[in-house]
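Participant: Quick check, what structure comes out for this input:
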Amino acid sequence: MDLDYGATDCNVTNDTSVSNNCSQGFNQFVQPVWQVALWAVAYCSIVAVSVVGNVVVIWIILAHKRMRTVTNYFLVNLAFAEAAISAFNTVINFVYAVHNDWYFGQIYCHFHNFFPIAAIFASIYSMTAIALYRYMAIVHPLQQRLSSTETCVVITVIWMLALLLAYPQYYYSSTNLLPGRTICYIQWPEYTTVDFRKIYYVCVTLLIYFLPLCIMGCAYTTVGITLWASEIPGDSSEHYKEQLISKRKVVKMMVMVLCTFAVCWLPYHIYFLLHEFFPDLFEQLYIQQVYLAVMWLAMSSTMYNPIIYYCLNSRFRAGFQQVFCCCVATVTKEERPIEALGLTLLHFIFLRKCGLNT
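Facilitator: Next up, the predicted model:
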C-alpha cells in the first residue's frame, strides 16, 4: 500500500472524480505551527538515527572479514532497505501529510509510491531468511549451509519479488493539479466485478506482514525449544558451551528485531485496512494526528535495529564504539592546534606582565 496515501490525501479514482475539498483546493486538516514543529523534530530524528545507524551497521559487516557471515549478509540487506526508506520517504511522507500538497513532481510520485513497498518486502523477507537459516543451522545441523554466493542469489530473488509486488503502485501512480495545489495518488483501474484496489491491499498486507511473521514465529519457536529445552550438560566442552550461548544470543537478538517490527507496523496495517473498508471513519479532524502517529511508529522501526544490535551483540557494540571513538578522536585532534595556540598566547601575556619576556 502506498505510504503517502493517508488521512490527508484525497479520494481520487480518476482525473475528474475528486472530493469537494480537493476540487476547492482546500485542506481541512490544518495544524498549529507548534504541532507541525514537534512532528518535524520527531520525523527528522528518525531519519538521522536510522540513516547513521544502518550505514554504520553496513560498514561494520563489510569492513570486517570476521563479520561476513550468512546471517550478517541478510542484515546488510535489511540495513540498506531501512536506511533507504528513511532517506527517501520518511520526510517526504511527513511534508505531504502536513501540507496535503505534492511538491516533488511526477517522477518522484511514482518512486514514492513504489519504493517503500519494495523496501519493506526486502526488509521482512531478509528477516524471514535469517529465521529459516537459523532454523536449519540449529534444528538440522547436518544439512548443507548457504554459501556466500547462494546468499547473494537469495537476496537478489528477494528484491526481484519485492519490485514485482510493488510494480502496480508504480504503474498506476499519478499526479493531479487542483486549484492551489497538486496531489500524488494512485489511479487504480475500475472493474465492474472485482475491486482490484482492495484485493491488492489485502494481498500486500498478507505478504509483507502476516505471512512472514507466521513463518518466523514458527521457526523461532522451534529453535527456542531446541536451544532452551535442556540445560547445558555439565561435562560439555567449553567450546560447545560457548557455541550454544552464542547461538542463544543471536536468536534473542533476532527475536527482538522481529517483535519490534511487528509492534511498529501493526497499527499501520490496521489503519490502512480500515481505510479501505470503512472510509467514513477517516473524515474526522483528529484523523490527521492519528495518521501522523501511525506513520511515525511505522517509520521508526527503521531506527531500532542498530540500537538492538549495539545492546545485544558484543561485536556490533565494538564496531559502533570504534566508529564513534574515531569521530571523537578526529575532532579532538583538530581542536588541539587551536588549544595550543591559546595556551601560547596566555603564556606570552603572562611573561609580559611579569616583565620576563625578552
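Participant: Only C-alpha atoms from now on, for both contacts and neighbour counts.
Facilitator: OK.
Participant: Quick one: distance of stretch 155-171 to the chain centre.
Facilitator: 17 Å (Cα atoms, centre = their mean, to the nearest Å).
Participant: where does this protein dip in pLDDT?
Facilitator: 1-30, 192-193, 230-237, 239, 327-358 (pLDDT under 70).
Participant: That one: helices as residue ranges?
Facilitator: 20-23, 33-63, 70-85, 91-99, 105-139, 148-171, 196-205, 211-228, 238-277, 287-312, 314-353 (DSSP state H).
Participant: Tell me what angle the third one forms with helix 33-63.
Facilitator: The directions of helix 70-85 and helix 33-63 differ by 150 degrees, with axes from the mean of the first three to the mean of the last three Cα atoms, to 10 degrees as the criterion.
Participant: So which elements touch helix 70-85?
Facilitator: helix 33-63, helix 105-139, helix 148-171, helix 287-312 (3 or more Cα pairs under 8 Å, 6 or more residues apart in numbering; DSSP states H and E).
Participant: of all these, which lies closest to residue 275?
Facilitator: Smallest distance to residue 275 across these (Cα to Cα): 10.8 Å, for helix 287-312.
Participant: tally of neighbours for residue 206?
Facilitator: Neighbourhood size, residue 206 [other Cα atoms under 10 Å]: 14.
Participant: For it, give its distance to residue 117.
Facilitator: 13 Å (Cα to Cα, to the nearest Å).
Participant: Need the helices of the chain in JSON lines (columns: mean neighbour count and distance to residue 185).
Facilitator: Output for the helices of the chain, formatted as JSON lines (neighbours: other Cα atoms under 10 Å; distance: least, Cα to Cα, whole Å):
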{"stretch": "helix 20-23", "mean neighbour count": "15", "distance to residue 185": "12"}
{"stretch": "helix 33-63", "mean neighbour count": "17", "distance to residue 185": "22"}
{"stretch": "helix 70-85", "mean neighbour count": "22", "distance to residue 185": "19"}
{"stretch": "helix 91-99", "mean neighbour count": "19", "distance to residue 185": "11"}
{"stretch": "helix 105-139", "mean neighbour count": "21", "distance to residue 185": "8"}
{"stretch": "helix 148-171", "mean neighbour count": "17", "distance to residue 185": "9"}
{"stretch": "helix 196-205", "mean neighbour count": "15", "distance to residue 185": "13"}
{"stretch": "helix 211-228", "mean neighbour count": "16", "distance to residue 185": "27"}
{"stretch": "helix 238-277", "mean neighbour count": "16", "distance to residue 185": "15"}
{"stretch": "helix 287-312", "mean neighbour count": "20", "distance to residue 185": "16"}
{"stretch": "helix 314-353", "mean neighbour count": "13", "distance to residue 185": "40"}
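Participant: Take those helices and lay them out in TSV including distance to residue 189.
Facilitator: TSV is the format used below for the helices of the chain (distance: least, Cα to Cα, whole Å):
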stretch	distance to residue 189
helix 20-23	20
helix 33-63	33
helix 70-85	27
helix 91-99	24
helix 105-139	16
helix 148-171	10
helix 196-205	7
helix 211-228	27
helix 238-277	15
helix 287-312	26
helix 314-353	47
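Participant: Residue 179 is nearest to which of those?
Facilitator: Residue 179 lies closest, by Cα to Cα, to one member of the helices of the chain: helix 20-23, at 6.9 Å.
Participant: which residues touch residue 110?
Facilitator: 169, 170, 171, 173, 174 (Cα atoms under 8 Å, 6 or more residues apart in numbering).
Participant: try 10 Å this time
Facilitator: 167, 169, 170, 171, 172, 173, 174, 175, 184, 185, 186 (Cα atoms under 10 Å, 6 or more residues apart in numbering).
Participant: isn't the third one right up against residue 184?
Facilitator: No - no contact is recorded between residue 170 and residue 184 when judged using Cα atoms under 10 Å, the distance being 11.6 Å.
Participant: Nearest spatial neighbour of residue 260, chain-adjacent residues omitted?
Facilitator: Closest residue to residue 260 apart from its sequence neighbours, by Cα to Cα, 6 or more residues apart in numbering: residue 301 at 6.8 Å.
Participant: Roughly how far does the one you found sit from residue 63?
Facilitator: 25 Å.
Participant: Kindly report the same for residue 325.
Facilitator: Taking Cα to Cα, one finds residue 325 at 17 Å from residue 63.
Participant: Equivalent analysis for residue 307, please.
Facilitator: Residue 307 is 19 Å from residue 63, where distance means Cα to Cα.
Participant: ok, now residue 207?
Facilitator: Residue 207 is 33 Å from residue 63, by Cα to Cα.
Participant: What of residue 88?
Facilitator: On the measure of Cα to Cα, residue 88 and residue 63 end up 25 Å apart.
Participant: One more: residue 183?
Facilitator: Distance from residue 183 to residue 63, by Cα to Cα: 43 Å.
Participant: ditto for residue 133
Facilitator: Taken as Cα to Cα, the span from residue 133 to residue 63 is 23 Å.
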